[in-house]
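Participant: Structure of the sequence below:
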Amino acid sequence: MATARLVPGIAAAAAAAVLAWLAHLLAPAVPALTVAVVLGIAAANFPATARHVGGVLGPGLRFAATKFMRLGIVLLGLKLSIVDVLGLGWPVLAAVVGILVITFCGTYGMGRALRLPGRQPLLMAAGFSICGASAIGAMSAATGATRREAAAPVAMVTLCGTLAILVLPVAGTLLGLAPEDFGFWAGASVHDVGQVVATAQTAGTAALAAAVVVKLTRVLMLAPMVLAVSAAGRLRSRRAGPAGEAKLPPAVPLFVAGFLGAVGLRSLGVLDAGTLETAGHVQDWLLTLALFGLGTGVRARDFTGKGSRIVVLAVVSWILVAGLSLLALLAL
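Facilitator: Predicted coordinates for the structure are as follows:
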């Protein structure tokens with residue numbers, strides 16, 4: 001009976017995923033994950049569909065937003081090779097990590113200063129500094145954040161990443177950046193992997209190759225950042241006494257262990273190209289389903305009144321990461 005309750009919502013997410021990928025095929029510059037979030041937001045805010053989203057579809061959509069997201073993050077590790085990351089060289093690696101840490105801390109601090117509710121400052125920091133919606137999903141799972149807390153950050157990081165597809169190529173041309181330099185800038189500042197690809201490919205294959213490696217280096221930081229946040233949560237729980245001890249989060253979330261294991265498998269080269277390609281397709285579909293589910297948690301009223309503060313934070317954080325990346329590029 002419990003499984004039967006999940007079927008309508010998962011089926012709706014699957015239908016939305018098909019539409020998202022069809023839209024991507026028609027307009028390759030628009031990532032399917034972006035379309036999935038937009039469809040989810042639309043479904044949650046049109047009266048004709050909103051009552052179903054909050055009713056019979058709800059259990060399956062929540063399942064997709066959490067379980068499929070975690071599975072997708074595990075498979076994301078199969079795209080990462082330590083060999084490729086180390087090939088960037090230590091100066092570039094240091095720059096990428098520095099940009100990430102400063103953006104994370106700056107966004108989190110600004111979010112607290114703006115008094116964003118619940119775990120939204122942390123989720124915004126993860127999304128804008130690491131890897132967009134995937135990072136938000138990972139931090140949500142590690143900290144116990146609700147789908148409602150994660151929905152607005154996902155919408156914001158998706159919006160800004162989509163705008164980057166339009167803005168960065170124009171800015172790169174005006175700045176006269178070489179293809180490899182533009183690739184670094186896109187990989188270091190754009191949020192989601194698909195959005196990075198859509199942005200960088202406008203400058204050619206050299207820019208795309210550089211962007212993907214830099215971006216996947218940021219993705220690799222997902223594990224240590226989640227583990228650090230999890231460790232901080234455990235420390236706070238212990239300080240809270242017996243009541244806090246009962247709520248201790250796991251030292252290493254299971255999906256993070258799976259992600260690291262997948263990175264190890266890819267780095268060792270034990271998986272053939274066909275397996276990696278298949279896993280990549282499965283990961284894309286899982287994240288598309290998950291992001292539709294997360295999108296259905298967004299309500300238009302979340303961005304009015306006090307909710308407009310998250311829009312301000314998104315714009316400032318986007319400018320911060322893009323500006324830091326450009327400064328690092330000029331310094332290298």
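Participant: can you count the residues close to R301?
Facilitator: A count of neighbours around R301, defined by other Cβ atoms under 10 Å, yields 9. The way it works is simple: take the backbone N, C-alpha and C, and place the C-beta from them, glycine included.
Participant: Contacts only, for it.
Facilitator: G307 (Cβ atoms under 8 Å, 6 or more residues apart in numbering).
Participant: where's it relative to G307, distance?
Facilitator: 7 Å (Cβ to Cβ, to the nearest Å).
Participant: likewise M221?
Facilitator: The gap separating M221 from G307 is 29 Å, by Cβ to Cβ.
Participant: So between the two, which is more surrounded?
Facilitator: M221 (18 against 15).
Participant: Quick check, the more buried one in contact with I130.
Facilitator: Yes - using Cβ atoms under 8 Å, M221 and I130 qualify as a contacting pair, with a distance of 5.9 Å.
Participant: Need the overlap of contacts for those two.
Facilitator: Shared contacts of M221 and I130 (Cβ under 8 Å, 6+ apart): L100.
Participant: And V311, its phi and psi?
Facilitator: Taking degrees, to the nearest 10, you get phi -70, psi -40 for the backbone angles of V311.
Participant: Can you tell me how far it is from A133?
Facilitator: Distance, V311 to A133, using Cβ to Cβ: 17 Å.
Participant: So these two - more neighbours on which side?
Facilitator: Taking V311 and A133 together and counting by other Cβ under 10 Å, A133 has the greater number of neighbours (31 against 17).
Participant: How about the more buried one: what's its closest non-neighbour residue?
Facilitator: Nearest residue to A133, sequence neighbours excluded (Cβ to Cβ, 6 or more residues apart in numbering): V154, at 4.9 Å.
Participant: so that neighbour is in which element?
Facilitator: Here V154 sits within helix 147-175, counting by DSSP states H and E.
Participant: can you check G55 too?
Facilitator: In this assignment (DSSP H and E), G55 forms part of neither any helix nor any strand.
Participant: Could I get the contacting residues of V193?
Facilitator: Listed by Cβ under 8 Å, 6+ apart, the contact partners of V193 are L76, K79, C131, G132, S134, V212, K215, L216, V219.
Participant: go on, V101?
Facilitator: Residues touching V101, when contacts are defined by Cβ under 8 Å, 6+ apart, comprise S129.
Participant: do you know how far T49 is from L57?
Facilitator: Distance of T49 to L57, computed by Cβ to Cβ: 9 Å.
Participant: between those two, who's got more neighbours?
Facilitator: The residue with more neighbours, out of T49 and L57 and counting by other Cβ under 10 Å, is L57; that gives 24 against 15.
Participant: pLDDT below threshold where in the stretch 101-250 of the chain?
Facilitator: When residues are selected by pLDDT under 70, those of the stretch 101-250 of the chain lie in 237-250.
Participant: Show me where it has its strands.
Facilitator: For the stretch 101-250 of the chain, applying DSSP state E, counting those that start in this stretch gives no strands.
Participant: the helices in it, which residues?
Facilitator: Taking DSSP state H, counting those that start in this stretch as the test, the helices found in the stretch 101-250 of the chain are 120-126, 133-143, 147-175, 179-189, 193-200, 205-220, 222-239, 242-245.
Participant: and the ones you listed as CSV, adding distance to V38?
Facilitator: Shown next, in CSV, are the helices of the stretch 101-250 of the chain (distance: least, Cβ to Cβ, whole Å):
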stretch, distance to V38
helix 120-126, 19
helix 133-143, 12
helix 147-175, 8
helix 179-189, 22
helix 193-200, 13
helix 205-220, 22
helix 222-239, 24
helix 242-245, 39
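Participant: Quick one: closest of those to A322.
Facilitator: For the helices of the stretch 101-250 of the chain, the distance to A322 is smallest for helix 179-189, at 4.4 Å, taking Cβ to Cβ.
Participant: So what touches that closest one?
Facilitator: Where contact means Cβ under 8 Å, 6+ apart, the residues beyond helix 179-189 that reach it are 92, 95-96, 99, 164, 168-169, 172, 177, 196, 199-200, 203-204, 206-215, 217-218, 321-322, 324-326, 328-329, 332.
Participant: and the residue lying closest to M110 once chain neighbours are set aside, backbone torsions?
Facilitator: With Cβ to Cβ, 6+ apart as the measure, L313 is the residue that lies nearest to M110, at 5.6 Å, once sequence neighbours are left out. Here is the backbone geometry of L313 (degrees, to the nearest 10): phi -60, psi -40.
Participant: Appreciated, that's everything.
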